[in-house]
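Enquirer: take this sequence and fold it.
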Amino acid sequence: MKLHELEAPKGANTRRKRVGRGRGSGNGKTAGRGQKGQKSRTGNMNIGGFEGGQMPLQRRLPKVGFRHPKVQWDLVKVSDLQERFADGDVVSEETLREKGLIKKVRHGIKLLGNGELKIKLTVKAHAFTGAAKEKIEGAGGSVELIA
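Expert: Numbers count the residues shown, from 1 in each chain. Below you'll find the model as predicted:
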């Protein structure tokens, strides 16, 4: 087989249907759209979500939740602190950046209570979950809120 002998598979190349070019073409007069009705008219009838006048699905379903697009916390887990910090360390924005837990602070650092903490730490952050606060103070550490 040579390059000049290659052919497209049967049925791959079909000619474009020329509609509205007289009765002799087989697609004249109504141009293959049938007679009357919504689908025979010009204009886009395939509007996304349009269900022929029935209430569309996106309007039938309930609206759930809200997440403000501008508030983005940098989340740090208590288990990450256990792995990367020693007993008696001070956890701040700078030390978290050095240890690779955060890259840059967008709207603040929030500590989550995932995992266990067995070392005493002084943690400075913008927000804490209730579980995180309990675990830090339960291990003998302290919590400082940054304004």
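
Enquirer: need the nearest residue in space to L111, chain neighbours excluded.
Expert: Spatial nearest neighbour of L111, chain neighbours left out: A132 (4.2 Å); criterion: Cβ to Cβ, 6 or more residues apart in numbering. Bear in mind the C-beta positions are built from the backbone N, C-alpha and C, glycine included.

Enquirer: distance of the residue of the chain most remote from its centre from G140?
Expert: Distance from the C-alpha centroid of the chain, by Cα atoms, centre = their mean, peaks at G24 (53.3 Å). Distance, G24 to G140, using Cβ to Cβ, to the nearest Å: 94 Å.

Enquirer: could you do V90 as well?
Expert: 14 Å.

Enquirer: tell me the phi and psi of L75?
Expert: phi -90, psi 130 (degrees, to the nearest 10).

Enquirer: so the residue farthest from the centre of the chain: helix, strand or coil?
Expert: The three-state label given to G24 by DSSP: H, G, I helix; E, B strand; the rest coil is helix.

Enquirer: same check, this time on Q58
Expert: helix.

Enquirer: got it, and V76?
Expert: For V76, the assignment made with three-state DSSP gives strand.

Enquirer: which residues touch it?
Expert: Shown in contact with V76 (Cβ atoms under 8 Å, 6 or more residues apart in numbering): L96, L101, I102, I109, K110, L111, L112, A125.
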